[in-house]
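J.: coords below, sequence missing:
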């Protein structure tokens, strides 16, 4: 998917919501556990109920790997279901991968080609040659970790590197990499005050913003400082939407929560 | 596996060799492609031919994910085969994972509990709460990326952070984390001159050292500066061993290459 197609979808749906499909079998409604593939059945119901309210879905691979082969099968079925039924939706493999060049190429092939995700999240610690293999895929997007939403972000990311915080060095250095136009960045909503400075470095890039909801981030603040003329934001909510209820009405409850966020976004977009 | 058991194995086998099981279907002998599970058959032959020469095996998960479900099945079969037939061998899931706390817990469960690897490689960028879930597993080991063997290591890892290179900050900070006795570190062989300083910060920890062979690192130099009284090194070779030949004799050729390294190690250990 091109960035322009993503922007069009945002305007059409009046939403820049991304829903995180992080399925934990301990949290989903009990009746689904009797089906052959509870993870996929859960995702399918969530997707059917929310696809008109969001522009992106983001399965975090950890939640699938934790169930071994069954988990990977469910991940494959989920991405195929989205691509077949809702090809207009931007898909993110939240994998946080990164390795030496020839190895990163294997990850890139796995997520961007074989599983046909539109994008994959990548960790920057190993530098240029660990990220460029992902950037080589045309009309695919590499979402680089910059400033994450967790407490541990302060351990290294905000440390001063040659006069500038490490996450800013990551942003600036990554702009010099080949095919850097295919970069997006992860910036946590829990650090809204950082968005203004981030926008000075990368005014045009899309930001994937986790941490609204369960982790305490505020949508208004993020938009105030992080939005650009192309919107430039994908706001992710996982637990706050998909676990809104663990009864039979879980999909409707998820849609209600998604709708609340979409309506907040519609108001922001109309300003 | 406890660290003491690993040290005992090193002395018994007179080897601190780790063999990287990075299976690329384009590089393995053609006749294996006709078997039902070429990846596993390749690994099984390599393991049968080399298990007496090495103390660790390290499949890099990228090479398995690249083949989707079949790849994951081959990874499961490979780790089960090692654990059943050679339980004395230290196993490393080279996964370079790392995510917010509850998500890292899922990765830790996947690799250390379900797949029953002895250890997993983890990226430090997201800090303490992204690594501690891995450290919580008793007699399991978390191998943190410190200074990697690739060119991109110079993009961020060697940058000056508050007066000290980032990889040194990672080493020092990680020592303060809960269950830090379960930490090992990745330090690339291509940067042998850094080992002396690294040993000043973490004198006792085991280091997993990629980059000998195909990437140009030198075994003698690494041992000179990196070895401690418990040996403290696992030297990895992947391509240099497993692709020594792509004919019918591939397993014997791999054993010959592994034997060369083991004999170099035996001499070093006897000094």
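T.: That came through fine. Since we're looking at a predicted model, the values are computed, not measured.
J.: how near is the residue lying closest to residue A:255 once chain neighbours are set aside to chain B?
T.: Of all residues not flanking residue A:255 in the chain, residue A:49 sits nearest, at 4.2 Å (C-beta to C-beta, 6 or more residues apart in numbering or on different chains). In this view, the C-beta of every residue, glycine as well, is placed from N, C-alpha and C. From residue A:49 across to chain B, the span is 24 Å (C-beta to the nearest C-beta, to the nearest Å).
J.: show me what contacts residue A:49?
T.: Going by C-beta atoms under 8 Å, 6 or more residues apart in numbering or on different chains, residue A:49 touches A:251-252, A:254-255.
J.: between those, which has the most around it?
T.: For those, the largest number of neighbours (other C-beta atoms under 10 Å in any protein chain shown) sits with residue A:254, at 25 neighbours.
J.: tell me which residues touch that one, please.
T.: Remark: with contacts taken as C-beta under 8 Å, 6+ apart, residue A:254 is in contact with A:19, A:46, A:49-50, A:241-242, A:244-245.
J.: please report phi then psi for the residue nearest to residue A:255.
T.: As for residue A:49, its main-chain torsions (degrees, to the nearest 10) stand at phi -90, psi -20.
J.: equivalent analysis for residue A:18, please.
T.: Main-chain dihedrals, residue A:18, degrees, to the nearest 10: phi -120, psi 130.
J.: same question, the one 3 residues further on
T.: For residue A:21, the backbone dihedrals (degrees, to the nearest 10) come out as phi -100, psi 80.
J.: cool, the one 5 residues further on as well?
T.: With angles defined as degrees, to the nearest 10, residue A:26 shows backbone torsions of phi -80, psi -10.
J.: and the spatially closest residue to residue A:61 that is not a sequence neighbour, how far is that from residue A:241?
T.: Once flanking residues are discounted, residue A:61 sits nearest to residue A:95: 4.5 Å by C-beta to C-beta, 6+ apart. According to C-beta to C-beta, to the nearest Å, residue A:95 stands 21 Å off from residue A:241.
J.: between those two, who's got more neighbours?
T.: Applying other C-beta under 10 Å to residue A:95 and residue A:241 shows that residue A:241 carries more neighbours, namely 29 against 25.
J.: surely that one and residue A:258 touch.
T.: Yes - using C-beta atoms under 8 Å, residue A:241 is in contact with residue A:258, at 5.3 Å.
J.: related to what we said a few turns ago, just the contacts of residue A:254: which are in strands?
T.: Among the contacts of residue A:254, DSSP state E puts residue A:19 in strands.
J.: near chain B, anything from the least confident helix or strand in chain A by mean pLDDT?
T.: For chain A, the helix or strand with the lowest mean confidence is strand A:160-161, at a mean of 91 (criterion: mean pLDDT, DSSP states H and E). Yes - using C-beta under 8 Å from any C-beta of the partner chain, strand A:160-161 reaches chain B at A:160-161.
J.: which other residues reach that strand?
T.: With contact meaning C-beta under 8 Å, 6+ apart, strand A:160-161 is reached by A:166, A:169, B:156, B:159-162, B:166.
J.: again, only this time at 7 Å
T.: By C-beta atoms under 7 Å, 6 or more residues apart in numbering or on different chains, the surrounding residues in contact with strand A:160-161 are A:169, B:159-162, B:166.
J.: how far out from the middle of the chain is that strand?
T.: Distance of strand A:160-161 from its chain centroid, counting by C-alpha atoms, centre = their mean, to the nearest Å, is 27 Å.
J.: which residues of chain A score low on pLDDT?
T.: Counting by pLDDT under 70, the ranges of chain A that qualify are A:214.
J.: tell me where it has strands.
T.: Listed in chain order, the strands of chain A (DSSP E) span A:17-20, A:56-58, A:90-97, A:119-122, A:141-147, A:160-161, A:164-165, A:183-187, A:207-209, A:233-237.
J.: nearest to residue A:266, of these?
T.: Nearest to residue A:266, of all these, is strand A:17-20, at 10.4 Å by C-beta to C-beta.
J.: flag every buried residue along the top helix by length along chain A.
T.: Taking DSSP state H as the criterion, chain A has its longest helix at helix A:250-270. With burial defined by 16 or more other C-beta atoms under 10 Å in any protein chain shown, the residues of helix A:250-270 counted as buried are A:250-251, A:253-259, A:261-262, A:264-265, A:268-269.
J.: now swap in stretch A:99-117 and tell me
T.: Buried residues in stretch A:99-117, counting neighbours by 16+ other C-beta under 10 Å, are found at A:99-112, A:115, A:117.
J.: between those, which is closest to residue A:89?
T.: Proximity of these to residue A:89 (C-beta to C-beta) peaks at residue A:117, which lies at 11.1 Å.
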